[in-house]
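Participant: How does the following fold in three dimensions:
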Amino acid sequence: MPTTLILGGSGFVSGTIARTALARGDTTFVLTRGKREVPAGATPLVADRNDPAAFATALADLPFCDAVIDCIGFTADHAHQDLQTFFPENAAPRAGHLVFLSSDFVCSAVDRPLFIDESFDRFDTFPYALGKRAAEVALLDAATKRQLPITILRPCHIYGPGSLLGCLPLHGRDPQLLTRLKNGEPLKLIGGGYFLQQPMLASDLATAALACSALPKTRGHLYHIAGPEIIESRTFYRLIAELLAPPISTPITLHEASITDYLKEHPDHLPFCCHRVYSMEKARAHGIPVPATPVREGLRQHLQALGALS
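Facilitator: Residues are numbered from 1 along each chain as shown. Prediction:
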């Protein structure tokens, strides 16, 4: 029975990964700040990772982990913390494999091609992207120099049970989205919602992340991970309306929000204002089970979890 540690475990993505690990029979530990419940069956460890002493203390007695999934790493300091904790240079490793969740937001949104693969080498410069990219660089450098079992995944938009619905401003993760749709309110979407995306069900990401520890080819590599369908963002909202119970009787109304005006107020949201389409040929070639749940089916599961289906 594998032993898996999730850094995180009480959030949307990290909680989904923890539940997926438990469902497959893993002995599962989760490290959180202790402010929210963790999945039933997981062993909680409590520490703020930004407190190095508390982080070290919380993990001091942890057994060897076959896999560590870092869902709460945002900076180079967090990457170095992972390296020092799980792959100390002058001691035996404490993990069989580290999977670090980065983000497609590291990729520059300016003058990008429609399809991006892992060779794309222009990166965004707002704080979140800079931090994630610095963490990627630190981990890939260590993985190469020391031949460490480290894999980095760059997911795109993630949806599913445990999250709010909505994939694009001005209705990204909108807590009132279902009410707006049921009331027939028009939705205002950046660029009219024509940006292409590959929305990914969280459980599919969990399956991909947990599979990496058993795939030697993934060691020292970075991968884009995205959903199986390329759709206009506006389609995401239309599918939600179609699936609601009772169904929306008339087509939803979509209005265009100015990209220029929006970015004046939210300059760090530029990554939302571009097509987000990625090649997963490398992931497939290396054996990663890439996301396969159709968007309609994934949204049905999401709405069912929200009690929005009959």
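
Participant: show me the contacts for the spatially most central residue of the chain.
Facilitator: In the chain, the C-alpha closest to the average C-alpha coordinate belongs to Pro155, at a distance of 4.8 Å (Cα atoms, centre = their mean). Residues counted as contacts of Pro155 (Cβ atoms under 8 Å, 6 or more residues apart in numbering) are 13, 101-104, 200, 205, 225-226. In short, each C-beta sits where N, CA and C put it, glycine included.

Participant: next helix or strand past the longest helix along the chain?
Facilitator: Across the chain, the longest stretch assigned as helix under DSSP state H is helix 127-146. Where DSSP states H and E defines the elements, the next helix or strand beyond helix 127-146 is strand 150-155.

Participant: so that next one versus helix 127-146, what angle?
Facilitator: 150 degrees (axes from the mean of the first three to the mean of the last three Cα atoms, to 10 degrees).

Participant: Alpha carbons of strand 150-155, as PDB, please.
Facilitator: What follows is strand 150-155 as a C-alpha-only set of coordinates in PDB (Å, rounded to 0.1, in the frame of the first residue of the first chain):
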ATOM      1  CA  ILE A 150      10.600  15.200  -9.500                       C
ATOM      2  CA  THR A 151       7.800  16.000 -11.900                       C
ATOM      3  CA  ILE A 152       6.100  19.300 -12.500                       C
ATOM      4  CA  LEU A 153       2.500  19.600 -13.800                       C
ATOM      5  CA  ARG A 154       1.100  22.800 -15.300                       C
ATOM      6  CA  PRO A 155      -2.700  22.500 -15.100                       C
END
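
Participant: name the helices or strands packed onto the helix or strand just after that strand?
Facilitator: The helix or strand immediately downstream of strand 150-155 is strand 158-159, counting by DSSP H and E. Contacts of strand 158-159 with other secondary structure elements, assessed using 3 or more Cβ pairs under 8 Å, 6 or more residues apart in numbering; DSSP states H and E, are made with strand 200-201, helix 202-211, helix 295-305.

Participant: strands paired with strand 158-159, and their directions?
Facilitator: Taking DSSP bridges as the criterion, strand 158-159 sits next to strand 200-201 (parallel) in its sheet.

Participant: what's the neighbour count on Ser163?
Facilitator: 17 (other Cβ atoms under 10 Å).

Participant: Please disregard the earlier target; I meant Pro247.
Facilitator: By other Cβ under 10 Å, the residues close to Pro247 number 9.

Participant: and it, what is it in contact with?
Facilitator: Listed by Cβ under 8 Å, 6+ apart, the contact partners of Pro247 are Ala241.

Participant: Need the three-state assignment for it.
Facilitator: Secondary structure state of Pro247, per DSSP: H, G, I helix; E, B strand; the rest coil, is coil.

Participant: got a pLDDT number for it?
Facilitator: According to the prediction, Pro247 has pLDDT 82.

Participant: Next, it: phi, psi?
Facilitator: Dihedral angles phi and psi of Pro247 (degrees, to the nearest 10) take the values phi -70, psi 150.

Participant: Pull up the gap between it and Lys182, please.
Facilitator: For Pro247, the distance to Lys182 (Cβ to Cβ, to the nearest Å) stands at 10 Å.

Participant: Repeat that for Ile150.
Facilitator: Here the criterion is Cβ to Cβ. By it, Ile150 lies 46 Å from Lys182.

Participant: same question, Leu270
Facilitator: Taken as Cβ to Cβ, the spacing of Leu270 relative to Lys182 amounts to 32 Å.

Participant: Which residue of Ile150 and Lys182 possesses the greater neighbour count?
Facilitator: For Ile150 against Lys182, the residue with the higher neighbour count under other Cβ under 10 Å is Ile150, and the figures read 29 against 13.

Participant: got a list of what the more buried one touches?
Facilitator: Residues touching Ile150, when contacts are defined by Cβ under 8 Å, 6+ apart, comprise 97-100, 139-140, 142-143, 219-220.

Participant: Try it again at 7 Å.
Facilitator: Contacts here follow Cβ atoms under 7 Å, 6 or more residues apart in numbering; on that basis Ile150 touches 98, 100, 139, 143, 219-220.

Participant: Great, nothing more from me.
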